[in-house]
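> Below is the sequence, then the predicted model.
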Amino acid sequence: MTAIKIGTRASALALAQTGMIADRVRALTGREVELVEISTPGDRSSAPVRELGVGVFTSALRDALAAKEIDVAVHSYKDLPTTPYAPLGRPESDSSVRQLAGRTALPSPADHHPVLTIAAVPLREDPRDALVARDGMTLLDLPEGARIGTGALRRVSQINALGRGFECVPIRGNVDTRINRVLGESADLDAVVLARAGISRLGRLAVVTETLDPMFVLPAPAQGALAVECRTADTTLTAELAELDDRETRAAVSAERAMLATLEAGCSAPVAALCDIADAGDGEYELYLRGAVIQLDGRHAVRLSDTGTLTASDDADEVGAAVGRRLAATLLAEGAESLLESVR
Ligand SMILES: NCc1[nH]cc(CCC(=O)O)c1CC(=O)O
């Protein structure tokens, strides 16, 4: 039996999270597993993510998966576009090449039959954002004019909405690089905001000085979750990997992403969402979805919530998505459109 090839980005975070999945795939299938590092445009450029276009961290992996250069792709779910995958028109590549180049060709129209499928959404890590500040400070401790590193519009807008006179400084790069801007030799920022899940997977939670309350800083849709993707035609592997799926996580992430998709906002818009799931007993779960669309200067925002019930016989994706679409419709009815228009 040949080894299962699992594609991953080469960043420390991507290698850590793919490594965790690889261990489980090895145990589950009894097969050899090989990691294949794939470089993406998001890794090679230091431009703001929203300027690089859709799928900057995920399209190269999906292309390699569709081209059978790998058998499984592990993504940070929040980096996956909400639009369906369409194979890129790219030249045949040498499958012996391990360090694959990124492609910039335009997507062809989406296929009716999906080439790729998300075989598993494993149990989610803590989805909240985290503050890493100098001198052990929390948001409350930071002085007016403090320089906080983040380029994500959803974080910038919500930090501005605190009304504390903080200055957001755009930064890019991997988790360690960002932490070093606060704690490193030549630190030049008072704090950075990062996904807690990424810091956790790198074993660096000790640097977190505050986990941000979603009441004030609601995270990105699907933050802290992973997507384990396969070729739809690879039915045996897809069925095996389904063992890694966590039904409640899938429902929550579907709700958040359906909200984002219905707003047609894309992953770098000032749109935030978090779906909490509570066990209601008798195999039922209660979904509590919060959503926010925030104007960049933080002066206006629409923040709303909606709920739903997931029963034992329900399709988790469908139940989640229904709540997400409904909340998006309410957000739009309450003026989200004009807030989104101001950043388009
Ligand atoms: N956009 C980059 C990215 N994609 C996923 C994570 C964190 C891990 C996760 O959310 O699963 C990060 C870094 C960050 O936002 O701090």
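Yes, it's here.
> what sits against the residue nearest the centre of the chain?
Nearest to the mean C-alpha position of the chain, by C-alpha atoms, centre = their mean, lies residue 78 at 1.5 Å. For residue 78, the contact set (C-beta atoms under 8 Å, 6 or more residues apart in numbering) comprises 195, 220, 221, 222, 223, 224, 225, 267. In short, each C-beta sits where N, CA and C put it, glycine included.
> Quickly note the distance from it to residue 218.
Remark: distance between residue 78 and residue 218 (C-beta to C-beta, to the nearest Å) = 13 Å.
> before we move on, what about residue 184?
29 Å.
> Ok, residue 249 next?
For residue 249, the distance to residue 218 - C-beta to C-beta - is 18 Å.
> likewise residue 190?
Using C-beta to C-beta, residue 190 is found at 22 Å from residue 218.
> out of the two, which sits in the more crowded spot?
Looking at residue 190 and residue 218 with other C-beta atoms under 10 Å, you find the greater number of neighbours at residue 218, namely 27 against 22.
> pretty sure the more buried one contacts residue 271?
No: using C-beta atoms under 8 Å, residue 218 is not in contact with residue 271; the gap is 9.2 Å.
> who touches both of those two?
154, 291, 292.
> Is the first one in a helix, a strand, or coil?
By that I understand residue 154. helix (DSSP: H, G, I helix; E, B strand; the rest coil).
> before we move on, what about the last one?
Here residue 292 takes the strand state, with states given by three-state DSSP.
> residue contacts, it?
158, 218, 271, 272, 273, 301, 302, 303, 304.
> Over to the second one?
Taking C-beta under 8 Å, 6+ apart as the contact definition, residue 291 lies against 218, 256, 259, 271-273, 303-306, 327-328, 331.
> For these, which single residue is the most surrounded?
Highest neighbour count within the contacts of residue 291, by other C-beta under 10 Å: residue 259, with 34 neighbours.
> wait, that residue sits on residue 221?
Yes: taking C-beta under 8 Å as the definition, residue 259 is a contact partner of residue 221 at 6.7 Å.
> which residues do the two both contact?
271, 273.
> near the ligand, which residues of the stretch 151-300 of the chain?
Residues of the stretch 151-300 of the chain lying close to the ligand by C-beta under 6 Å from any ligand atom are 194, 195, 197, 198, 223, 224.
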